[in-house]
Every structure is written in C-alpha cells, then in structure tokens.
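# sequence and predicted structure below; questions after.
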Amino acid sequence: MATNSVSTLKKRQQRTHLIMVVPALVLVIGIMVPFVQGVVRSFTNEKGYIANPSFIGFGNYINLFTDSKFLTGLFVTILYVVLALAIQLPLAMSIALLLEKSTFVRRIGRNFIVLPLLIPPIVAGLMWKTMMQPSAGVLNYLLSLVGVEGGPWLTDPATSLLSVVLIDTWAFTPFSALILLAGLQALPPSLTEAATMDGAGWWAGFRYISLPWLAPYVILVALFRVADSLKQFDLIWPVTRGGPLNSTRLLHVQGYEEAFRFSSPAMAMAIIFVLWLIVYLFSFLLLRLWRRTINAVE
Amino acid sequence: MQKIMAKAGFTVGFTALAIFVLFPLVWVFLMSIKGFDDVIAFPPKFIFEPTLENYVSVLFGDGGSGAGEFRQYLLNSFIVSGGAVLLSLAVGVPAAYALSANRVRGGDHLAFTFLSLRFAPELAIIIPLYAIFQQVRIYDSYIGLILAHQLITIPLVIWIVRTFLADVPVEIEEAAQLDGCGPWRTLLNVVVPVIRPGIASAAILAFIFSWNNLLMGLVLSGPNTRPVTVGILQAIGFDQVRWGWMAAAAMIAAVPGMIIAVYLQRHLVRGLTMGAGK
C-alpha cells in the first residue's frame, strides 16, 4: 500500500517534469517547422518573378555545384575558418597562459579581454573598418611611424579576407582564451607539482601535463569557433558586404544576398542548407571527439 | 637572470595584449568626442578639444539623416531583447530543471537538441520566417522579433541554467519533497533561489547576444521595430560616412555590454563558456 502511493507520487512527479519541458519544446518545434519548410522550398524554382513555383528536384543543388560564385564562396568560407583557427587557437593559448600567472593579473586581464565579446559585432567591424582605411586610417599611420609601409587592408581582394579574420580575431579570441584559462585553473596542482619535483622544465610541463589536460577545452574552443566562423555574417556584412570581388563572400553572406537582393529564396535556402550540413558535420565530429577526450582525461 | 627574462617577457606580452584589445575601443571613443574637422584630420589627432556634439546628434538629431530616430531604435532593441529574455526564462528555466539529473528520460539528448540550435546558421530559420511572418502579419512587429530571437536566447538560457543546476545539492530537493512540495514548488521555492546567480548570468548573456544581433533585425524588422544594430548600419551611407556620428552611435550601442563586462565579470565567464569554466 505504502509502496503503491510512493510509485503514484513518482509517476505524478514525472508527468509534471514532462509538462515543464513542453513550452520550450513547442518553441523549438516552432523553429524547426519553418526550417523544414525552407529546406522543402530549396527543391523548388521559387523566385521573385515566378508566379507558381514548382518542384525541380535537386536542380538548385546541381546549379550550385557548377556555379563558380558558389564554389568560391565555399572555398572562402573554409579558408576563413582555417585562418581563424590557425591564428586564434595559439593566440588564445598564449593569452590564457599569460593570465594564469597571478590572481591579480587574472582579475584585471579577464575584465578587459571580455570587452570585445560583449559589444555588437557590427560595432567591432565598423571600428576596425575606420581604422583600416588605407589613406586616412590610424593603423597605416601608426605603422608608418615605425617605418612599416601600411597595406590596403579591406580594399584589396588579396588582403581583405585576412583583414576580416583579424577583426574576427579581435572580437572572438577572448572567448577562446577564457575557456582555456578556465581549463588551466581546473588543472589539479598536484599534477604540476609532481612534474616540478621531477625536474621538468616549463616546456616539458606544458607539453606533457597542461596540454593533455587541456585537450577537451581546446576541442570545445574549436567547436565553438568552427561553427561560429562557418556561419559568420554580422561581422562581415557591415564591413565588406562580401567584396571586394567576392573575396569575403562567405556562404552565409551569399545566402542573404540570394534571398533578399536577388529575391531567390529557393536558391538561398539551398546555399544555407549546404552550409547547415557543413556546420553540423563539423560540430558532430568535434562533439564526439570532445566526449572521447573527456573520458580519456577522467 | 632567467627570472628577470621571464618577468620582462610577461610584461611585454601583457602590454601587447592590453594594447591590442583596448586600442580600438579607445580610438573609437576618441573619435566619438571629436569635432568634424578633427575626425577627418590626417595625420590622425590624438590631442584635440573634446565635444559631445556627436552624441547630441545621435540622440536628439540635428536635422540631418533622421538621426533623432536613434532613441526609438534603442527602445526597440530594449523591448525585443528584454521580451525575448523574459520569454526564454519563463520557458527555459523549468525545461532546464526537468532536463537535468535524469528527471525526464532522454533529458540529455533533448538538452543537446536545444544546444544544437546555437550552431544553426540563423538564415536557415530567418528566410522561412520572413515569408511566414508576412503571411500571418507579424513581420516588423515586436512579437515576431521576440519569437525569432528565441533561436538565440533559448539555447543560452537552458544551457547556462543547467550547468548551475548541476551544483544544487540533492539533499535540499529531497527535503523539500519530504515537506510535500511538488516539482513546481520545489523548483520555484527551493531551487530557483539557490541558482539565482546562474539565472542572472543566463539572462544577462542572452540579453547581450540578442541585443548585439544584426541579421535578425536586418530581415525581420521594418520601420516600426528597427533595432540599434540595423539603425547604425542604415545610418552609414556607403560613400558619405559620418565617422564621428557612427563612432558615437557605436559607443552607445555597446553600452549594455560594457557595463555588464565590468560589473558582472565573475558570473559571466562561466555563462559564456556554457559551463566549461567554473
């Protein structure tokens, strides 16, 4: 009798817990349904001037993969991610190691490196854009003071992508550094002490103790940075609008233009769906890697 | 000797970091308090007579390109981001609670589904929403934008609150249940007070990320609901850029984030890293 009432109580509790999830679930379904609808639209020839769109199968996708503009966009997107990671991971690691040195430095350092993260990307972008003006900008002026000839920055296709990556680095490296710093602080002191006792130098300690410990944190950084750079828009649109000569036209920017400048939502959704697949593939792989390293560390 | 070298290296590194991070902010702040002639002066001026004219122009207009509308943009951003966060808290806190500690079977999986929204390219949802919102006539409305912003705020709220929930001692809840509290009362009277810092940091971060977003407003807002970010973008005509005006507008748009960075830094890091850092 007593056990019976306990089990009905448990059941009631479980039901209430389910009810607690329902509103959030409704919202998520409200988000997923339009997405699925959009993917369906990517298989039509819907366009501004076509009155009754019809299904055309994989037509849009076949067009995409034979379209040099899309392929350039795909290439630029991947290059952007690779550059961002290659620059930001080592930089974030150095910053984390730097700030880890003392409590005092950590407190001040954390206070100011978090600033770029909290201001709107459009503001960060415009700030750098004013500074990067080739003739009147302060960056080239400061470089000229130390005898270095300034560059064309955003205005030349050869340097524009790297310049945007630099802005991205300013805006988002703090995020990566904060994660790695959290990882370093979670490192059990006993591990480093043992290494010092064994007479290991700084580099050996870092290479064989800190770095393996940090592996899951590094992967977490990679996960966030890869996903966010793949779908970067807010930082690029106000700064270059994809130019000059498509040199910074990442797929998310291209999708926006396709939908709202060329009123071709079907084509836009095809681009965005490809982008979505890429984002999910990488997130999935990194998430799996993350779980594996976490198990390895623990 | 080695110690001195290390110390020197440290000082150089820290100074370089501070300059890299702070210089753009300082520079744009200086720009925002420069008069027109000083802004376009070359070589760039570091010493000049400061003026508030750009801020006055942004906030109260000067008869030029409708700058007085900026206050409306600020209000719009407050309404949309504030509304989005309130909705996400109302819906997300109970969900985060139910989805933690195996209260619901498959809770972890569901939580990951919520998190995965964080990684979706926004346009995947915005392009379809644009058509739907026009059909149901909530394009350029606060309610439409608040719903769309859930894509940003819901995953943040659920994940941040969940990481804080993991620290709530089971004993507190068991005690509440022994006192006859149902799940709702346990959550609201016992658990919520304990995780208040977590809820605060979730709310603040969700607000900032919603406030900072450009793409949602660019597509789904119109003259009635235009947020700050889109307002700035529109104000900078591509060929005749009013740098001083832009700098002042940018500074104002960045105010919520900066205040929070300074005052709530402690809770922030854990929220930002979604539980990776404690």
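Okay, I see it. Residues are numbered from 1 along each chain as shown, chains lettered A, B, ... in the order given.
# what about the helix or strand containing B:Ala200, average pLDDT?
Using DSSP states H and E, the element containing B:Ala200 is helix B:196-212. Average pLDDT, helix B:196-212: 90.
# need the contact list for the closest residue to A:Met267 other than its chain neighbours.
Nearest residue to A:Met267, sequence neighbours excluded (Cβ to Cβ, 6 or more residues apart in numbering or on different chains): A:Glu258, at 5.0 Å. Yep, even glycine has a C-beta here, placed from its N, CA and C like the rest. Applying Cβ atoms under 8 Å, 6 or more residues apart in numbering or on different chains to A:Glu258 gives the contacts A:264-265, A:267-268, A:271.
# what's the first helix or strand after the helix holding B:Ala200?
Following helix B:196-212 in sequence, per DSSP H and E, is helix B:215-220.
# who's in contact with that following helix?
For helix B:215-220, the external contacting residues (Cβ under 8 Å, 6+ apart) are A:233-234, A:237, A:256, A:260, B:80, B:122-123, B:126-127, B:129-130, B:133, B:139-140, B:144-145, B:148-149, B:151-152, B:225-227, B:229-230, B:233.
# recalculate using a threshold of 6 Å.
Contacts with helix B:215-220, where a contact means Cβ atoms under 6 Å, 6 or more residues apart in numbering or on different chains, come from A:233, B:122, B:126, B:130, B:145, B:148, B:227, B:229-230.
# now the helix or strand where the residue nearest to A:Met267 lies: buried residues?
Using DSSP H and E, A:Glu258 sits within helix A:251-260. Neighbour-count burial for helix A:251-260 flags A:251-260 (criterion: 16 or more other Cβ atoms under 10 Å in any protein chain shown).
# now the helices for the stretch 51-200 of chain B?
B:53-60, B:70-98, B:107-117, B:123-135, B:142-148, B:150-165, B:170-178, B:183-185, B:192-194, B:196-212 (DSSP state H, counting those that start in this stretch).
# do you know which of these lies nearest A:Ala204?
Closest approach to A:Ala204 among these is made by helix B:150-165 (33.5 Å; Cβ to Cβ).
# show me what the closest one is packed against.
Here helix B:150-165 touches helix B:70-98, helix B:107-117, helix B:196-212, going by 3 or more Cβ pairs under 6 Å, 6 or more residues apart in numbering or on different chains; DSSP states H and E.
# pick out the shakiest of those, pLDDT-wise.
Among the helices and strands packed on helix B:150-165, helix B:107-117 scores lowest, with a mean of 84.
# distance from the chain centre to that one, please.
Computed by Cα atoms, centre = their mean, to the nearest Å, the separation of helix B:107-117 from the middle of its chain amounts to 21 Å.
# got the contact list for that helix?
Helix B:107-117 is contacted by residues B:99, B:151, B:155, B:158-159 when judged by Cβ under 6 Å, 6+ apart.
# tell me which two of those residues sit farthest apart.
Farthest-apart pair in the contacts of helix B:107-117 is B:Leu99 and B:Leu151; separation 18.3 Å (Cβ to Cβ).
# neighbour count winner among the two?
B:Leu99 (28 against 25; other Cβ atoms under 10 Å in any protein chain shown).
# tell me the confidence at the nearest residue to B:Pro155 once chain neighbours are set aside?
Spatially, and ignoring its direct neighbours in sequence, B:Pro155 is nearest to B:Arg118 (4.1 Å; Cβ to Cβ, 6+ apart). If you check B:Arg118, the pLDDT there is 86.
# save the contacts of helix B:107-117 as a markdown table, and put in pLDDT and distance to B:Met251 too.
Formatted as a markdown table, those follow (pLDDT from 0 to 100; distance: Cβ to Cβ, whole Å):
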| residue | pLDDT | distance to B:Met251 |
| --- | --- | --- |
| B:Leu99 | 89 | 40 |
| B:Leu151 | 94 | 28 |
| B:Pro155 | 92 | 29 |
| B:Ile158 | 92 | 32 |
| B:Trp159 | 88 | 31 |
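# closest to B:Leu75 among those?
The nearest member of these to B:Leu75, counting by Cβ to Cβ, is B:Leu151 at 22.4 Å.
# residues contacting the closest one?
Applying Cβ under 6 Å, 6+ apart, the residues contacting B:Leu151 are A:31, B:117, B:125.
# 7 Å instead, please
Going by Cβ atoms under 7 Å, 6 or more residues apart in numbering or on different chains, B:Leu151 touches A:31, B:117, B:122, B:125.
# for burial, what's the neighbour tally of the spatially closest residue to A:Ala296 that is not a sequence neighbour?
Excluding the flanking residues, the one nearest A:Ala296 by Cβ to Cβ, 6+ apart is A:Ala215, at 7.6 Å. The number of residues packed near A:Ala215 is 17, by other Cβ under 10 Å.
# from the contact counts, what lies against the lengthiest helix in chain B?
Identified as the longest helix of chain B according to DSSP state H is helix B:2-32. Judged by 3 or more Cβ pairs under 7 Å, 6 or more residues apart in numbering or on different chains; DSSP states H and E, the packing partners of helix B:2-32 are helix A:68-100, helix A:103-113, helix A:115-118, helix A:121-131, helix B:243-263.
# list the buried residues in that helix.
Buried-residue list, helix B:2-32, by 16+ other Cβ under 10 Å: B:13-14, B:17, B:20-21, B:23-25, B:27-32.
# measure A:Pro121 to A:Ala270 for me?
26 Å (Cβ to Cβ, to the nearest Å).
# hang on, I meant A:Arg207
Counting by Cβ to Cβ, the gap from A:Arg207 to A:Ala270 is 46 Å.
# give me the more crowded residue out of those two.
Higher neighbour count among A:Arg207 and A:Ala270: A:Ala270, with 27 against 12, using other Cβ under 10 Å.
# in contact with that one, which residues?
Contacts of A:Ala270 by Cβ under 7 Å, 6+ apart are A:42, A:60-61, A:64.
# now render those as TSV, adding neighbour count and pLDDT.
Formatted as TSV, the contacts of A:Ala270 follow (neighbours: other Cβ atoms under 10 Å in any protein chain shown; pLDDT from 0 to 100):
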residue	neighbour count	pLDDT
A:Ser42	23	94
A:Asn60	24	93
A:Tyr61	18	96
A:Leu64	21	94
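# ok, of those, which one's closest to chain B?
A:Ser42 (9.6 Å; Cβ to the nearest Cβ).
# could you pull up the residues touching the closest one?
A:60, A:266, A:269-270, A:273 are the contacts of A:Ser42 under Cβ under 7 Å, 6+ apart.
# among these, which lie within strands?
Taking DSSP state E, every one of these sits outside strands.
# just those: which are in helices?
Per DSSP H, the contacts of A:Ser42 map to helices at A:60, A:266, A:269-270, A:273.
# farthest-apart pair in these, please.
A:Ala266 and A:Phe273 (10.6 Å).
# show me where pLDDT drops low in chain A?
A:1-4, A:297-298 (pLDDT under 70).
# quick check: residues of the stretch 51-200 of chain B near chain A?
B:91-92, B:94-95, B:97-99, B:103-104, B:110, B:114, B:117, B:119-121, B:123-125, B:127-129, B:132, B:150-151, B:154, B:158, B:182-184 (Cβ under 7 Å from any Cβ of the partner chain).
# many thanks, have a good one.
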